[in-house]
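Asks: Take a look and give me a structure for this.
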Amino acid sequence: MTNVFVNLPTTDLERAKAFYTALGCEINPQFTDENGACVVWDDNVYFMVITREFFSTFTDKPIADPNASLQVSVAFSRDSREDVDAIIAKGIAAGGTEPKPAQDYGFMYSRDLDDPDGNSLGFLFMEPAAVEQGPEAYMAAQAAEA
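Replies: Below you'll find the predicted structure:
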């Protein structure tokens, strides 16, 4: 089994913790201090929200400003379109922003959410039949039924 840890820089650790708990995550206090917090997404996915100052000790490269440039977008599947809309609403209420309108491809529905630091999160729902058949076959079957 593989666990995934995504490190995200923040300018305000308390604000970042509040944002991610508003999305339904928990903070693991064993791996949280004044430099960063371990945000538990699920049993195998964790975010480490880390102060920009401490984050800069991990590398000799400059730390990008996620409000100005996008280096990584982390995407999560949801069980329905309604689940996608619900988590976006929670994120916006907690200080996040939606950088562009929802994207509906027929077989897949996705929306993006930037956390208060500008880190990009994506949420998507894909029709189960499209996962099994592939997007083109699913869309062809939908067109034949119409």
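Asks: nearest residue to the residue nearest the centre of the chain other than its sequence neighbours?
Replies: Geometric centre of the chain, nearest residue: Leu121, 2.8 Å, by C-alpha atoms, centre = their mean. Nearest non-adjacent residue to Leu121, counting by C-beta to C-beta, 6 or more residues apart in numbering: Leu113, 4.8 Å away. C-betas here are computed from N, CA, C, even on glycine.
Asks: give me phi/psi at the one you found?
Replies: Here is the backbone geometry of Leu113 (degrees, to the nearest 10): phi -140, psi 130.
Asks: Alpha carbons of the top helix by length along the chain, as PDB, please.
Replies: Across the chain, the longest stretch assigned as helix under DSSP state H is helix 81-93. This file holds the C-alpha atoms of helix 81-93, laid out as PDB (Å, rounded to 0.1, in the frame of the first residue of the first chain):
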ATOM      1  CA  ARG A  81     -21.900  15.800  -9.300                       C
ATOM      2  CA  GLU A  82     -23.700  16.900  -6.100                       C
ATOM      3  CA  ASP A  83     -20.700  15.900  -4.000                       C
ATOM      4  CA  VAL A  84     -18.400  18.000  -6.300                       C
ATOM      5  CA  ASP A  85     -20.700  21.000  -5.900                       C
ATOM      6  CA  ALA A  86     -21.000  20.500  -2.100                       C
ATOM      7  CA  ILE A  87     -17.200  20.400  -1.500                       C
ATOM      8  CA  ILE A  88     -16.700  23.500  -3.700                       C
ATOM      9  CA  ALA A  89     -19.400  25.300  -1.700                       C
ATOM     10  CA  LYS A  90     -17.600  24.300   1.600                       C
ATOM     11  CA  GLY A  91     -14.300  25.500   0.200                       C
ATOM     12  CA  ILE A  92     -15.600  28.800  -0.900                       C
ATOM     13  CA  ALA A  93     -17.400  29.400   2.400                       C
END
